[in-house]
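Peer 1: Next one to model:
(chains A, B and C)
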Amino acid sequence: MSAIAPKFKLSEFIKSLLDNAFWAVLLASLIGLPIIQIVLFYIEMPVIDGELLTPFLALTWLADPTRSLPILKAFMATDMFRVMAFPGFGFAALIAAGTIFIERKMLAKLQLRVGPFYCGKIEGILQLAGDGLKLISKEIIIPAKADKPIFWAAPVIFVATAAAFVALIPVAPGWVVADIDLGLLGVFAVIGFFPIITILSAWSANSKFPFIGGIRALFQMVSFEIPLILSLLGVVILTGTLNLSEIAASQSSFPWIVFLPVGAIVFFITMLAELERIPFDLPEAESEIVAGWLTEFSGMMYGLVQLGTYLKLYAFAGLFVVLFLGGWNGPMVVPPFPEELLVGVELGPLTVGPFPGLPLFDQEMLNGTLWFVLKTVGVIFFILLPRGVFPRIRIDMLLSLGWTKLIGLAFVNIFIALGLLYAGVLGPGGLQ
Amino acid sequence: MSSDSEKPVVEAKPEEKPTPAKPTAKPEEKPVELPAFEKGISDKLVEKFGDKVEVDFVKDDRVGIKTSKENVHDVAQFIRDDLHYDHAESVTGVDYPADNEIEVVYHLGSYTESSLARQVLTLSTRAPRESNPIPGQDSTKLPSLRDIFYSVEFGEREVFEMLGVYFDGHPDNRRLLLPEDWADLPPLRKDFAIKGR
Amino acid sequence: MTDIMPPGLALKKVDERIMTLNVGPQHPGSGHMRIVVQIDGDYIVACDPDPGYVHRGEEKMAEYRNYITNVPHLERPVIHDSCNVLYPYVLGAEEILGIEVPERAKYVRVICSELNRCIYTMYWLAIYGIFLGHSTMFMWPAGDRELLIDLMEKVSGARVTHAHFIPGGVRNDLPANFEDVCLRQVNYFEKRIKEYAAVFYDNPILISRTQDTGVLSRENAIRYGTTGSVLRASGVDYDLRVKAPYDVYDELDVHTNVMKEGDSYARSKVPWLDMMESCNIIRQALQKMPKSGSVRTKLKPNPKTKGPATVYKRVESGRGSLGCYIVSDGKTEPYRVKMSVPSFRNLLAMPNLLIGEKLGNMPSVYWSLNYWPVEADR
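Peer 2: Purely as a prediction, here's the structure:
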C-alpha cells in the first residue's frame, strides 16, 4: 500500500473522474454555451466570403475546418488582437521572457558557471516558468502600516504603463497598436509616469528602505529624462515628424545612427538609467538599501513589477531600434509565399486546398518583424552586457553624469543634426 | 568591602601565579640570562615608578608589568609618551574568585617605533570583585585608558559586559556583544557555569 | 542607567530630518551584525556598530576543554581562515605544554596558513564584489577559491573546517605527490587572480567609486589600533611575518605590500596583492621543506602543563595580527583563553570612517575594513 494515498480505491477514483466529467459537461452546456452565444451576439462580426459572420456561422468552423482561417484572419484584423497578441502585450511578454532566460544564461557563461540547468531538461529552459509558478504560489504580505490601495495598485499600474509604452512601438509596416501622429511625444509622456509610480509605491509601503529607494529612483529618472528627450530631438529634426512609424520608414536607405552616433550613445546610457540596469541600479542597490523600492513587494506583486521591468526593457530596446537602427528596414530575406498553396496542392491522387484565407501574413510584414526582432535582441544584449562587467555607480556620480555630461552631449547631437540639415546633406534636397 | 580588599590585593597576589613568576624575574637574573632589550624596558618603568609597578616577567619580546588601579593611568601615560607604545592589541579580563579580584590585562604594541615591532608589553591591573555584581553600580571599577590608548575603546566595553568591570572615564560604557536583554551574571566570570559542564 | 543601555536603544531623540536605519543583522549589506546609522539626506551623521549577533562564547567554552579538545571549536570564528585563526592558540599551547615542533611540520603549517589566507581573501573579495554590485567579481573568486580548497582537502580531509594544526605539529603528513599538485594549482591560481585586475581593479567605475572614500590617515590607523591590510593600506609597513616571524617565516623571503592612500580602493587592493605574495611564499616553502620526517610530536590525550604561566602569541592572519592570550593555572584546561581578533580591532575604525560619508559608500567602506563579523563576535 502506498504511503501517499493509503485508502486508495480504483472504483472510488473512477467515480470521482466521472463526477467531475458530469459537472464539467453540465456547466459547459448550461452556462458556457449560452455565454458564448450572448457574446457573439453582441460583438461586431466581420464579413467573411461575402456573408456576415453570425454566431451560428462562427460555430460552424467546428464542422468545417476551411472556415477557421478566414475567421482567424478576421480576428487578427481587430484591435483586440493587436493589443493582446502580436505587436502588443503577448509579443512583448514573449520577448521579455526570452530576455530573462538569455540574461541568466549569458551572465552565467560570463561568470564561468552554468546558470539555470535542471528545470526543463534542456539547459533549464523551463526555469522561468518555475520561477513564475513559485511567485504565484507565494503569500502576498502587505506591511501593516502600508497605504493599502496605492500599494496594491502600484504593481498593476506599473505593468499597465509598461504595456502602454509597448503599444507605441511599431514592429512592422502597419503593425503597431497605436499609430498616432505624436507617437514620440506619447513615449515621453509614458516614460514620465514611471517615477510617479515608483515614488507612490515606495511611499505607500511606509518603510524606510523602499522610501530611500523610491527617492533615488525619482532622482535618477527625472534627471535622465531630460538628456533622453534631448537626445531624440536630433532624429525629430532630421525626419520632421513625431510619428514613430514614419521615423522608421524614413530610414529605408540608412539608419540614423550613421549620422547621429552621439545621440545614440546618449540615448543608450539614459536608457540604462531609466531601466535601472547595472551600473545604474541604485534604486535597487541591495547592499545599501536591501532591494530599494521593491523591498516590501512579495509574491506575484513582485512578479508583476519584474514583468513590467522587462516589458519596459523590450520597449526601450524597440524604441532604440526604431529611432536609430532603422526599425523594420532590412534586406528581404523571407522567401515569397508559395503560390501553389493558394490554388491547392496535389498530393498524389487527391488535391488538397485551395485554402481560403492564406497567406495569413504577407512577406513585407514577416521580413519587417524578423529584422525588428533581430535588431531588438541585439540591443537587449548590449543592455544586459554591462551587468557582468561593471559595479554599481554612486548617486552623486550618477546625477552629475546626467545633469552635466549627458545634457551637453545631447546638445552636441542637436547641433550635429541642425548642421546636417542646413548644410543640405540631409532633409529637403539632400540625401532624403 | 572594596576599599579594604585593595591593600591585600597587592600583597596577596603572589599566591596565584606570580609566585613562580616573580622570583624568576629578579633573583634569577644571573643564571637565566634575561633578554637585554626587554630588560631595558622594564628597568625604565621601575626606575620611574619604583615600587608602584611590579615586573611580572621578562621574556623574549614580552614584558609583563603589574600595577595597582590607582597608578595604572600614570603608568599607561608613561608607556605611551616615553616608551612609544602607541596602540593596544587587546583588553582581557581574567576573573580570580580566589583572590576576590578581576584582572584586566592590556596588551600594548607599537607601530611607529621599529625596534618595538616585535615587542608586546603586558600591562595588568586588578579591580575588586563582588560576588553579587551589579555591573556599573558596584565597586568593580577601574580607570579607563581610553584617553591614552584610543584603541581600547571596544575592548573595555567588552570587558565591562563580560566581567562587569566598569571603566571610569570611558565615554561609551554600553553593552557590545551580549544580547540586549541579558540579565544574568557577566558570562566570563568563573561562577557563571555552562550547563552540563 | 541610560548611559549603559544596549546599542540602538540608547540613541537620543533626534531631529525630524534625521532617519535612523538599522542596517542588519538581516540585511544583504551587513553580514552578521547590525550597524545603526543615522542619515541626513544621503550623508551618514552617526554610526553605531552593534556586533554580537553570532556571539558563541568561544572563550568561555575554551575554559572547559583541555588543550587538545579546544582545537576544533576555536577555529569556528573564521572557518574560511581556520588554520590561521588556530595558529596563535597552537603556538601558545605548545609553549605552555612544553612541546617542540618538528621542522617539516613548521613548513606544512606555513603552506596551510598561506593557502588558508588566500581562501579567506577570495571569499572576502567575492563579498566585496557583490557589495559593489559587481556580480562577476562575486562568482569568479568564489569559483577560483575551489582550487585551493581542493588542496586543503587533500591535506586535511576537510574542505573548510580543517582543525589541522594541533599542539605538537599538524595532524597528518602531506599526501604523496602533493608538492607537484600544489605547485600547479598555485601557479594557475596566481595567473587567475592577475586577471582580476582587468575586470575589477582597473575598472573605471570601481576606481571612481572607491578612491578617496573612507580615507584612514596613517596617524588614525595607528591610533585606532587597526591591523593587517587596513594598516598597510594606510602606509604603515607592519606585517608580523616580517616584523616578528614565527615558526619558519624568518627563513622565507616575505615582501610586505604597502599602499599610501588609505582609502577604500587601497584597502581592497592590498589583500589582493597579499594573495600573490602568499603564492610566492608557498613556492618557497615547498622548495625549502624537508622532504621527509615527522610532522607531529606525539602527545597524550590529556596532556599535562608545565605549571602556571601566561602566554601571548601573535600571527598574521588573513585580516591582520591575530593574538591569543592563554592563562594557565597548571591544570589540564586553560584558565582563560582570549582571542585578540583583527576584525574586532578594525571595527573601531568603522564609525570614525563612516561618519560624513554618503550612504552609497557604506558597503565599500565597511567591507574594505577586512572585517569578518563572526570573528569579531567569537
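Peer 1: which residues touch residue 175?
Peer 2: Since no chain was named, I'll use chain A. A:Trp175 makes contact with A:82, A:86-87, A:365, A:368-369, according to CB atoms under 8 Å, 6 or more residues apart in numbering or on different chains. In short, each C-beta sits where N, CA and C put it, glycine included.
Peer 1: actually chain C
Peer 2: C:154-155.
Peer 1: how much space between it and C:Gly157?
Peer 2: 10 Å (CB to CB, to the nearest Å).
Peer 1: ok, now C:Gly228?
Peer 2: Distance from C:Gly228 to C:Gly157, by CB to CB: 29 Å.
Peer 1: What of A:Leu52?
Peer 2: Counting by CB to CB - A:Leu52 and C:Gly157 are separated by 83 Å.
Peer 1: Comparing the two, which residue is more hemmed in?
Peer 2: C:Gly157 (13 against 10; other CB atoms under 10 Å in any protein chain shown).
Peer 1: who in the stretch 1-150 of chain C is up against chain A?
Peer 2: Contacts of the stretch 1-150 of chain C with chain A, taken as CB under 8 Å from any CB of the partner chain, map to C:19, C:21, C:27-29, C:42, C:129-140, C:143.
Peer 1: before we move on, back to that, can you tell me which of the contacts of A:Trp175 are in helices?
Peer 2: Using DSSP state H, the subset of the contacts of A:Trp175 located in helices is A:82, A:365, A:368-369.
Peer 1: Quick check: of those, which lies closest to chain B?
Peer 2: Proximity to chain B was ranked across the ones in helices among the contacts of A:Trp175 by CB to the nearest CB; first place goes to A:Arg82, at 60.9 Å.
Peer 1: Verify the stated contact: that closest one with A:Phe89.
Peer 2: No. Using CB atoms under 8 Å, A:Arg82 is not in contact with A:Phe89, being 9.7 Å away.
Peer 1: Please list only the buried members of the contacts of A:Trp175.
Peer 2: Applying 16 or more other CB atoms under 10 Å in any protein chain shown to the contacts of A:Trp175, the neighbour count classes A:82, A:86-87, A:365, A:368-369 as buried.
Peer 1: Mind pulling up the pLDDT for whatever residue of chain B ends up closest to chain A?
Peer 2: Nearest to chain A in chain B, going by CB to the nearest CB, is B:Glu180, at a distance of 20.5 Å. pLDDT, B:Glu180: 77.
Peer 1: A:Gly130 and C:Gly356, how far apart?
Peer 2: 46 Å.
Peer 1: Let me see the backbone angles for the closest residue to chain B within the stretch 251-378 of chain C.
Peer 2: With CB to the nearest CB, the shortest gap between the stretch 251-378 of chain C and chain B falls at C:Ser340, namely 3.2 Å. Backbone torsions for C:Ser340, taken as degrees, to the nearest 10, come to phi -90, psi 90.
Peer 1: Contacts only, for it.
Peer 2: Contacts of C:Ser340 by CB under 8 Å, 6+ apart are B:89-90, B:92, B:107, C:314, C:321-325.
Peer 1: could you say which helix or strand contains C:Gly143?
Peer 2: Per DSSP states H and E, C:Gly143 falls inside helix C:135-156.
Peer 1: Remind me what that helix packs against, helices and strands.
Peer 2: helix C:103-131, helix C:178-196 (3 or more CB pairs under 8 Å, 6 or more residues apart in numbering or on different chains; DSSP states H and E).
Peer 1: For that helix, what is the distance to the chain centroid?
Peer 2: Relative to its chain's centre, helix C:135-156 lies at 17 Å (CA atoms, centre = their mean, to the nearest Å).
Peer 1: Equivalent analysis for stretch B:169-183, please.
Peer 2: Taking mean C-alpha positions (CA atoms, centre = their mean), stretch B:169-183 and its chain are 20 Å apart.
Peer 1: Over to stretch B:178-185?
Peer 2: 25 Å.
Peer 1: Only the buried residues of it, if you could.
Peer 2: For stretch B:178-185, by 16+ other CB under 10 Å, it's B:178, B:185.
Peer 1: Show me what residue of chain C gets nearest to chain B.
Peer 2: For chain C, CB to the nearest CB, closest residue to chain B: C:Gly225, 2.7 Å.
Peer 1: Quick one: low-confidence residue ranges for the chain.
Peer 2: In the absence of a named chain, chain A is used. Residues of chain A meeting the criterion pLDDT under 70: A:1-4, A:45-46, A:48-51, A:53-67, A:340-345, A:351-358, A:427-432.
Peer 1: meant chain C actually
Peer 2: C:1-15.
Peer 1: what ranges do the strands span in it?
Peer 2: Along chain C, the segments classed as strands by DSSP state E run C:18-23, C:34-40, C:43-50, C:165-166, C:169-170, C:309-316, C:321-328, C:336-340.
Peer 1: Just the CA trace of stretch A:290-297, in CSV.
Peer 2: As requested, the backbone C-alpha atoms of stretch A:290-297 are provided in CSV (Å, rounded to 0.1, in the frame of the first residue of the first chain):
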residue,chain,number,x,y,z
VAL,A,290,18.1,45.9,0.6
ALA,A,291,16.0,45.9,-2.6
GLY,A,292,15.2,49.6,-2.8
TRP,A,293,11.6,50.4,-3.7
LEU,A,294,10.9,46.7,-4.3
THR,A,295,11.7,45.7,-0.7
GLU,A,296,8.2,45.3,0.6
PHE,A,297,6.7,43.6,-2.5
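Peer 1: Not counting its own residues, what contacts it?
Peer 2: A:141-143, A:146, A:151, A:155, A:198, A:201-202, A:205, A:207, A:209-210, A:212-214, A:216-217, A:282-286, A:289, A:302, A:305, C:27-29.
Peer 1: now do stretch A:377-392
Peer 2: A:95, A:98-99, A:102-103, A:106-107, A:110-111, A:268, A:271-272, A:275, A:277-282, A:285, A:313-314, A:316-317, A:320-321, A:325, C:129, C:132-137, C:199-200, C:203, C:205-206, C:209.
Peer 1: Also stretch C:128-136?
Peer 2: Under CB under 8 Å, 6+ apart, the answer for stretch C:128-136 is A:107, A:110-111, A:278-279, A:281, A:285-287, A:387-392, C:29, C:137-138, C:140-141, C:199-200, C:203, C:206, C:209-210, C:268, C:363-364, C:366-368.
Peer 1: Also stretch B:153-164?
Peer 2: With CB under 8 Å, 6+ apart, stretch B:153-164 has contacts from B:88, B:90-93, B:95, B:102, B:104, B:106, B:133, B:135-136, B:138, B:140, B:144-146, B:165-167, B:170, B:172-178, B:182, B:185-189, C:344, C:347-348.
Peer 1: Roughly how far does A:Leu184 sit from A:Leu168?
Peer 2: A:Leu184 is 8 Å from A:Leu168, by CB to CB.
Peer 1: got any residues that touch both of these two?
Peer 2: With CB under 8 Å, 6+ apart as the test, A:Leu184 and A:Leu168 both reach A:Leu244.
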